[in-house]
Every structure is written in C-alpha cells, then in structure tokens.
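Peer 1: Please find the sequence and the predicted model below.
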Amino acid sequence: MSKWTTQDIPNLNGKVVLITGANSGLGFECSKVFAQKGATVVMTARNLEKGEKAKAEVLQSAPDATVDLMQLDIGNLASIRDFVPAFKAAYDRLDILLNNAGVMAIPRSETPDGFEMQLGVNHLGHFALTGLLLDLIVKTPNARIHSVSSSAQYSGSINFDDLMGKQNYTRWGAYGQSKLANVVFTNELHKRLKAAGYDTIANASHPGIVYTNLQANSLEKSGNSLVERVLYRVIEPLMVQDISMGILPMLYGMTDPDAKSGVFYGPNTFNMRGYPAEKKSNKEAYDAAILNRFWEVSEQLTGITYDVLEGAPA
C-alpha cells in the first residue's frame, strides 16, 4: 500500500457504483475514476442542472462509460425514500455505495426533518440511505459500503445530551461530531454485517487536507470569516495536497482486494497528505457502548431499521 495509486484499481466492468454528492469535489473526482475503470456509475445530486454538467464532464474523461444521474437530497428523508425504489427499479445489484455528500462548518440550521444540518446531511441521511439499500447490497457478492469522514473527527465527540446542538452550537464542533459519526456508524455496521454472516465490507476514510467546494461553502454561509480565510491561505502552500491524492484513501477502501472491513484509511504522511494507509480513529469510534447507543439513536431519529441484519444470509 506504500505508494498505491489509481493504477492499482482492478477492472470494474459489470460493477455498479452509487455516489452521493457526485457533482463536485471528492465525489466528482471518484466518479471520473470509476467511469474510466469500466464501472456503471450512478451519480446523485441535489441539483440536477449541476449534476448534468458534472455527468457531461465525467463522460468527456471516459466517453465509453455508462453514467447515470439521479436526483437525491441526502438531507431530506422523503427524497431518500423516493430515490431508493427508483434505484432498485433500475439496478439489480450495488457493488459500491460511496457515502460522500456533506456540508462543513456552517451556521446552525435544520433539515426538513428537524435535524441539525451537519449531522442530518453528513450522517443521518446516509444512515437512512444505506439501511434502505442494504437488502440489495448484501445480495451483491463482496459489495462495499464506504463513508467519507474528515480529520475533524479526531476532535469530535458524540454529544448524546445535545445531539442537535440546540443548547450549545459551534460550527466546527457540530462538524467534528458529524464526521466522527461517519466512523462510528461504519464500525458498528461492520460488526453487525460480520455477526450476520455477510461478506459485505464497510470501511471509512478521510482525504487529508484538500480544498474542495466545502471550504468555499463554509466561508460563504458563515459570513466569510476573515480568520478562516487567512488560515486557508497560510495552510494551502504548506500542507494541502491535490484532490487527485485526496481521493486515494477512499478509492483504496472501495476497490483494493486487500482493503479491510471496519478499518479507517487516510494519508500516510502525518495523516495530512500522501498515499493511503491504515489509520487509528477517534477513540470513541472503538467504544462498543457508544457505537451501539448511537446506532439505536440513529434508527429512532430516521425511522430506518436494518432488518436484513437480524437474520442469517440466505
């Protein structure tokens, strides 16, 4: 794994890949790679106009690829419930689910379902989507579910007493919690898949320090914070790596034969840049009581239960 690149990705002909937030940033770059490797790529976007432009660019990079675009607002449970039957009507397998869409460090707001926006988009929407698609995923041999976290998860904590930040909200605190939630969810999903006897892999990653639309969106919605703008300018030449490197931990977790379930991947150099490597996560992500409790809370909030994990595979 020392210098793993996209050249190491096996041929993906016949594989179906579903990507949330595929019209920009990490999801868009992964869409291009998957298309070039022969997969059928299902890009999802909240805004179909932006999605169509992204799809056209992906097809420019891989003219013979099969690329589909479907509307999905991961921050809206009704949109997720509408999306899943449409996806299942079109596809009878799902080899890779990339839970990628996200928002970062924005002022407090709520989703249509009343969830704090960062937790709702970054975790609860993906929890619901994964649960509703799981029957299809576990029927697909050696399928993978990959969730994109962030190095912000290291400073995060699951605040069960104020999960939605109604009593005490900070932009970065809520972001850290939501990104830790991605890893907590992944680790508990891994345990439950294994206990049920499925061969499905669930893992997670973070890209290191890369600049995507997340930073611009964060600055815009928080009033163009001068401190953060200056900080980004100072950090950029020193530590930021190109997005083509940032997607490598994700792609490794999703495609490499040696990638493991229940493992967190990130860049190998100071956890900020470089090639994919196994990484330790926030200690809360290994606490069995926290994992189980947060799973139960996620089920209660979304109304989605993972019934397929209750019985042994057929």
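Peer 2: Ah, there it is. Residues are numbered from 1 along each chain as shown.
Peer 1: measure L129 to T302 for me?
Peer 2: Applying CB to CB, to the nearest Å, one obtains 10 Å for the distance of L129 from T302. In short, each C-beta sits where N, CA and C put it, glycine included.
Peer 1: Also S261?
Peer 2: As judged by CB to CB, S261 and T302 stand 23 Å apart.
Peer 1: Check what pLDDT S2 gets.
Peer 2: What the model reports for S2 is a pLDDT of 74.
Peer 1: Would you mind confirming that it is in contact with P276?
Peer 2: No. Applying CB atoms under 8 Å, one finds S2 not in contact with P276, separated by 9.4 Å.
Peer 1: Make sure G274 is indeed in a helix.
Peer 2: No. Under the criterion used here (DSSP: H, G, I helix; E, B strand; the rest coil), G274 is strand, not part of a helix.
Peer 1: before we move on, which element is D68 in?
Peer 2: Taking DSSP states H and E as the criterion, the element that holds D68 is strand 66-71.
Peer 1: helix or strand right after that strand?
Peer 2: That would be, after strand 66-71 and using DSSP H and E, helix 77-90.
Peer 1: Next, the angle strand 66-71 makes with that following helix.
Peer 2: 150 degrees (axes from the mean of the first three to the mean of the last three CA atoms, to 10 degrees).
Peer 1: any idea how far helix 77-90 is from the chain center?
Peer 2: Centroid separation between helix 77-90 and its chain, computed with CA atoms, centre = their mean, to the nearest Å, is 18 Å.
Peer 1: what helices or strands is it leaning on?
Peer 2: Identification of packing neighbours for helix 77-90 by 3 or more CB pairs under 8 Å, 6 or more residues apart in numbering; DSSP states H and E yields strand 66-71, helix 125-138.
Peer 1: which other residues reach that helix?
Peer 2: Contacts of helix 77-90 from elsewhere in the structure, counted by CB atoms under 8 Å, 6 or more residues apart in numbering, are 18, 42, 44, 68, 70-74, 94, 112-113, 125, 128-129, 132-133, 136, 302-303.
Peer 1: try 7 Å this time
Peer 2: Outside helix 77-90, the residues that touch it by CB atoms under 7 Å, 6 or more residues apart in numbering are M70, L72, D73, I74, D113, G125, A128, L129, L132, L133, L136, T302.
Peer 1: Going by distance to G176, which of the residues you listed wins?
Peer 2: For the contacts of helix 77-90, the closest approach to G176 (CB to CB) belongs to G125, at 17.9 Å.
Peer 1: Helices of the stretch 1-150 of the chain, start to end?
Peer 2: Secondary structure of the stretch 1-150 of the chain, counting by DSSP state H, counting those that start in this stretch: helices at 25-36, 48-61, 77-90, 117-119, 125-138.
Peer 1: buried residues in stretch 18-34?
Peer 2: By neighbour count with 16 or more other CB atoms under 10 Å, stretch 18-34 contains the buried residues 18-34.
Peer 1: now swap in stretch 74-84 and tell me
Peer 2: By neighbour count, and taking 16+ other CB under 10 Å as the criterion, the buried residues in stretch 74-84 are I74, G75, N76, L77, S79, I80, F83, V84.
Peer 1: if you average pLDDT over it, what comes out?
Peer 2: Across stretch 74-84, the average pLDDT comes to 98.
Peer 1: related to what we said a few turns ago, tell me the most buried of the helices and strands packed on helix 77-90?
Peer 2: Counting by mean count of other CB atoms under 10 Å, helix 125-138 has the highest mean neighbour count of those, with a mean of 22.
Peer 1: For G131, give its distance to L189.
Peer 2: Relative to L189, and taking CB to CB, G131 is found at 9 Å.
Peer 1: Kindly calculate the angle that the biggest helix by length in the chain makes with helix 125-138.
Peer 2: In the chain, assigned by DSSP state H, the helix with the most residues is helix 171-195. Angle between the axes of helix 171-195 and helix 125-138 is 20 degrees (criterion: the same axes, to 10 degrees).
Peer 1: to the chain's geometric centre, what's the distance from helix 171-195?
Peer 2: Helix 171-195 has its C-alpha centroid displaced from the chain centroid by 10 Å (CA atoms, centre = their mean).
Peer 1: Pairing partners for the helix or strand following that helix, with directions?
Peer 2: Secondary structure here is assigned by DSSP H and E; on that basis, the next helix or strand after helix 171-195 toward the C-terminus is strand 201-205. For strand 201-205, the paired strands and their directions (DSSP bridges) are strand 144-148 (parallel), strand 264-269 (parallel).
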